[in-house]
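Enquirer: attaching a predicted model along with its sequence, questions to come.
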Amino acid sequence: MADSPGSPATAPPPVDITAVFPALRELAGTTIRLHPRPGQPGAEDSSLGGPLLWPAGEPWPACEEPHMPDEGYVRLPGHISTWDEAGAWAAALGPGARLSTARVSLDGSPMYAEVFHLAHPPCPMIGVLQVYARDVPELPFPDGTDLFQLLWCPNNHDGPWYGPMPYAAWRRAASATSALTAPPRTTFDGPYNESIYSPAPCLLRPERVTELPHLYDLPAGLREQVAQWDSDRDADLDRPYQLQLSTAPGTKLLGHPNWVQGPSWPACLCGGRMTHLATISSAEYGSGRWQLPDVPTGSSPHGIMIGDVGAMYLFTCTARNHRPLETVVQFS
């Protein structure tokens, strides 16, 4: 679903900060706010949580990575008193099992630990985001493709981040002449995972917005000047750089990441810094200029919750035609 009259309109910046700091002008970028709204998308629509246009003859992605146990920390047998003993106990649970972290007792009370294991068959992924080039032509589609699809395993994983395991596919829509109508059903490690990682179907209303980098993505000298300018206006919450003038919140494509904890840019194997491809956000619409008049503050029509109202940031390298995917997850 593409831009149309009546689509959401982000308010203009309350202050032209580029007039105060002209160096910011060359750092501006365009992000596409997706504004997901509850709906009934089909496979021919750009959507969040809707059905994917997937060729019937192509294998559906499945996750084979270790999952975090839904119960979190588990109590270890009473005879265990060291990290090595805890690791050996975890390894004996079965193939692929291992200890992640442990709370070691110093006073004789029981130890607790997180244990990751492969006590499940390959877990079919679920569709999360689908974007057609006709709706967002700015996406870095590889040669010969016009459709971006994001899937994930809707369980918590042991890796650089805590949360779902994503997978990206780029394809030519016209090549899916026989579409898969019934993807394999996934397995949730617990009902809570199903409630927060299985997005409700939403149509998209893409809106292009000019934004500026996160404060801590600015060059050091400029960052200090903007931070001081921001600090001088702390009493006026409609104006500070971080809240109103820099990065757009919510699920979006391209532009600048709206970091929760601070910059964490991945590097590609080719040596360059990767490009921000997409953000999947727990909270959609922010406040102040980012708030839409018909949407409650912090509303999340898709129901996704990553950590404590966090976000998944996806990155790719536009210098490599297969578009490698890297992931950063942050939450409070």
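Expert: On my side now, so go ahead.

Enquirer: any low-confidence regions in the stretch 1-150 of the chain?
Expert: For the stretch 1-150 of the chain, the stretches with pLDDT under 70 are 1-7, 69-75, 93-120.

Enquirer: change it to 90
Expert: Along the stretch 1-150 of the chain, the model assigns pLDDT under 90 to residues 1-9, 14-15, 64-122.

Enquirer: same check, this time on the stretch 151-300 of the chain
Expert: For the stretch 151-300 of the chain, counting by pLDDT under 90, the residues that fall below are 156-162, 187-193, 230-240, 242-243, 271, 284-289, 291-300.

Enquirer: rerun that using 70 as the cut-off
Expert: Residues of the stretch 151-300 of the chain that meet the cut-off, pLDDT under 70, sit at 234-239, 294-299.

Enquirer: show me this structure divided up by domain.
Expert: Domain assignment for the chain by automatic domain parsing gives 17-65+121-330, 74-116.

Enquirer: what about the first one, how long is it end to end?
Expert: Pointing back at domain 17-65+121-330 there. Using CA to CA, to the nearest Å, the end-to-end distance of domain 17-65+121-330 comes to 28 Å.

Enquirer: what's the answer for stretch 140-154, then?
Expert: Note: stretch 140-154 ends 26 Å apart using CA to CA.

Enquirer: coming back round to it: any chance of the domains of the chain in TSV, plus mean neighbour count?
Expert: Yep, even glycine has a C-beta here, placed from its N, CA and C like the rest. Shown next, in TSV, are the domains of the chain (neighbours: other CB atoms under 10 Å):
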stretch	mean neighbour count
domain 17-65+121-330	18
domain 74-116	14
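
Enquirer: which parts of this structure are helices?
Expert: 17-20, 83-91, 191-197, 220-231 (DSSP state H).

Enquirer: by contact count, what packs against the first one?
Expert: What it means is helix 17-20. helix 220-231 (3 or more CB pairs under 8 Å, 6 or more residues apart in numbering; DSSP states H and E).

Enquirer: same question for the longest one.
Expert: Judged by 3+ CB pairs under 8 Å, 6+ apart, helix 220-231 is in contact with helix 17-20.

Enquirer: quick check, distance from the helix it packs on to the centre of its chain.
Expert: From the chain centre to the centre of helix 17-20 is a distance of 31 Å (CA atoms, centre = their mean, to the nearest Å).

Enquirer: start at 21 instead
Expert: Okay, using 21 as the starting number, the last item reads as helix 37-40.

Enquirer: now the strands for the stretch 171-320 of the chain?
Expert: 185-191, 222-223, 227-231, 272-274, 295-301 (DSSP state E, counting those that start in this stretch).
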